[in-house]
Structures are given as structure tokens and as C-alpha cells.
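J.: My questions concern the predicted model and sequence given below.
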Amino acid sequence: MPVVRGKDIEVFYSASTIARRNLELAKQVAEREYEDLLVISILKGSFIFAADLIRAMHDAGISPEVEFMMISSYGTGTTSGQINVLRDIDNDVAGRDILLIDDILESGKTLKFVRDLMLSRGAKSVSIAVLLDKRSKRQIDIEADYVGFECPDYFVVGYGMDVAHAFRELPFVGVVRGDA
Ligand code: IMP
Ligand code: MG
């Protein structure tokens, strides 16, 4: 088991497994033939997934515009409470095909909020790509169009995802198992 910051980390999805899956997801995105696609990466957790997925999309022949949006949710720590836009996109989304990229679809509140916001601004379509789907935790009826992996209900870190601001730099997704 890798040891990082003195903790044992169990690897759930290795770097090579994620890379292979990203190529498959990019091909699925390419099949939809979006027009003038605008990708919106939801910060902070999706930054590594988004960076890898858009490069895989390039290999699949897609040249998207890329934007970033920072969303905060506060509530009871692990569940999303009220949602705030901390950094908005600059673009006019009216009439455009949009692909939201996030790390995890859990309760669904974050992505429903952003999707509804884009639709209210006149987006033509809003699709969703997530690395991980924690389906068992869903509170709202929302599905992603592109899912890397169905994820069991563990608190995962790495590949952009943190616990208390740590472990985002890991090239894999894993679970902190305790002191090494
Ligand atoms: P929800 O779908 O609105 O509940 O929000 C999902 C968000 O919660 C994700 O974008 C992550 O930022 C965060 N999150 C949920 N589960 C985890 C986890 O296991 N590790 C790290 N962040 C998580
Ligand atoms: Mg997030």
C-alpha cells in the first residue's frame, strides 16, 4: 500500500486504470457530436480529471472551449447544504452545448444546481461527466451522461480530491486507511 504523509492509502483506481477509462469516456463524448462545446470544470475537485479528460477529448477529435467554476457547499461536512457560486464563468452560454465536469456525483445537489443555472441562462444542452458516481448517496433524481466508475460509499482522495486540503496530488484514487 502506498504511504503518503505517514498514512496508508489503499488504491481504488490506479493511474493507468483511470487513463484507460478517460480515453473511453472521450470517445463516448465524441459520439454525441456536440456543436461548439463548452467544457466547465467544477473546481476544485475536478481539476485533474478535467485536465486529463480534455486531452483525451483532443485525441478523440474534439476541440472544446474550457472554463472553470468554483462552487462551495456548506452543510454537515460530507453532505452538501446551501450552494454558492464562488467563481462564475465569463462566457455567454445561450444556445451552447455544455459539458460539466466534476469529480464525484453524490447527493446530486451540486450538479443539479449548476445544470439548472446553465439552463436558466439559455444553454442549448447541459451534459455531465463525472469520474465517480456514488449512486447509493443520491438525494436528487439526476444522472451523469458519462461516468468513469461506479464508486462504493467510501470517502476517497487523490486525483484532485482532498480530505482537509490534503492528497489532491495523488495520481490515483484511494482511501486513507490509517497510520502506516
Ligand atoms: P453532491 O453530489 O452535491 O453531494 O456533491 C458531491 C461533491 O462532494 C463532490 O464534487 C466532491 O467535491 C465532494 N465529495 C463527495 N464525496 C467525496 C469523497 O469521497 N471525497 C472527496 N470529496 C467528495
Ligand atoms: Mg466538488
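T.: Noted; the coordinates are in hand. Numbering: from 1, shown residues only. Ligands and ions are numbered 1, 2, ... in the order given.
J.: Which positions in stretch 25-32 come out as buried?
T.: 25-26, 29 (16 or more other C-beta atoms under 10 Å). Where C-beta positions appear, they are placed from N, C-alpha and C, glycine not excepted.
J.: In CSV: the residues you listed, plus distance to residue 121, pLDDT and secondary structure.
T.: Shown next, in CSV, are the buried residues of stretch 25-32 (distance: C-beta to C-beta, whole Å; pLDDT from 0 to 100; DSSP: H, G, I helix; E, B strand; the rest coil):
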residue, distance to residue 121, pLDDT, secondary structure
25, 25, 98, helix
26, 26, 98, helix
29, 22, 98, helix
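J.: Return the member of those residues nearest to residue 134.
T.: Of all the buried residues of stretch 25-32, residue 134 sits closest to residue 25, with 17.4 Å by C-beta to C-beta.
J.: how much space between that closest one and ligand 1?
T.: Computed as C-beta to the nearest ligand atom, to the nearest Å, the residue 25 to ligand 1 distance reads 17 Å.
J.: wait, what's in contact with the closest residue to that residue other than its chain neighbours?
T.: Spatial nearest neighbour of residue 25, excluding adjacent residues (C-beta to C-beta, 6 or more residues apart in numbering): residue 146 at 4.9 Å. By C-beta atoms under 8 Å, 6 or more residues apart in numbering, the residues touching residue 146 are 25, 28-29, 127-130.
J.: try 10 Å this time
T.: By C-beta atoms under 10 Å, 6 or more residues apart in numbering, the contact set of residue 146 is 24-26, 28-29, 32, 53, 99, 101, 127-131, 133.
J.: now residue 99
T.: Contacts of residue 99 by C-beta under 10 Å, 6+ apart are 29, 32, 34, 37-41, 50, 53-54, 57, 62, 64, 66, 125-129, 145-146.
J.: Which members of the contacts of residue 146 occur in strands, if any?
T.: 99, 101, 127-131, 133 (DSSP state E).
J.: re the thing from before, is the residue nearest to residue 25 bridged to anything, and to what?
T.: residue 129 (DSSP bridges).
J.: distance of it from residue 35?
T.: Distance of residue 146 to residue 35, computed by C-beta to C-beta, to the nearest Å: 18 Å.
J.: any idea which element residue 72 lies in?
T.: Using DSSP states H and E, residue 72 falls within strand 65-74.
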